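Chemist: following is a predicted model, sequence given first.
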Amino acid sequence: MLWLLLAREPVPDAADWPGRRGLAAVDAVVWPALWGVALAMAPWPTGLIGPVGMALAAVSALGRLHRALLRNHRYRFTTWRWRRLVVLVWLFGQMLRLAGRV
């Protein structure tokens with residue numbers, strides 16, 4: 001049996017610019033909060049998954065907030081990571097709306 005290990009280079013530190021720390025803090029809290037809201041507004045009973053998911057979202061928000069405020073050079077924006085999918089879904093919705101008017 002042969003194992004092949006590949007080491008990736010570490011991600012370089014993020015550039016520092018005015019307002020980055022504040023936007024990172026908002027980004028760090030909003031995404032887990034959205035998951036918590038989605039769990040709270042689920043149209044079916046969530047049972048044990050609801051409270052556990054909410055607790056995991058809260059712990060995730062605290063860890064992300066710590067990284068966003070105290071280790072800002074290591075924080076990566078989740079919004080940047082998901083922007084393409086969000087824009088594609090939005091464009092698809094706009095196309096469906098236009099198709100319904102024709």
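Modeler: Everything's here; your move.

Chemist: which stretches of the protein form strands?
Modeler: Read by DSSP state E, the chain holds no strands at all.

Chemist: residue closest to the middle of it?
Modeler: Among the residues of the chain, the one closest to the centroid is Thr78, at 4.1 Å (CA atoms, centre = their mean).

Chemist: got the contact list for that one?
Modeler: Neighbouring residues of Thr78 by CB atoms under 8 Å, 6 or more residues apart in numbering: 27-28, 31. C-beta here means a position set from N, CA and C on the backbone, and glycine is covered the same way.

Chemist: the residue nearest to Ala61 when sequence neighbours are not counted: how many residues sit nearby?
Modeler: Leaving out its chain neighbours, the residue that sits closest to Ala61 by CB to CB, 6 or more residues apart in numbering is Pro32, at 3.9 Å. Per other CB atoms under 10 Å, the neighbour tally for Pro32 reads 21.

Chemist: cool, the one 5 residues further on as well?
Modeler: The tally of other residues near Val37 (other CB under 10 Å) stands at 12.

Chemist: and the gap between it and Gly22?
Modeler: 22 Å (CB to CB, to the nearest Å).

Chemist: about what we covered before: tell me the contacts of the residue nearest to Ala61?
Modeler: Counting by CB under 8 Å, 6+ apart, Pro32 has contacts 57-58, 60-61, 64.

Chemist: most surrounded residue in those residues?
Modeler: Neighbour counts for these peak at Arg64, which has 21 neighbours (criterion: other CB under 10 Å).

Chemist: JSON lines for the contacts of Pro32, including pLDDT and distance to Leu2?
Modeler: Below are those laid out as JSON lines (pLDDT from 0 to 100; distance: CB to CB, whole Å):
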{"residue": "Ala57", "pLDDT": "96", "distance to Leu2": "41"}
{"residue": "Ala58", "pLDDT": "96", "distance to Leu2": "44"}
{"residue": "Ser60", "pLDDT": "96", "distance to Leu2": "37"}
{"residue": "Ala61", "pLDDT": "96", "distance to Leu2": "42"}
{"residue": "Arg64", "pLDDT": "96", "distance to Leu2": "38"}
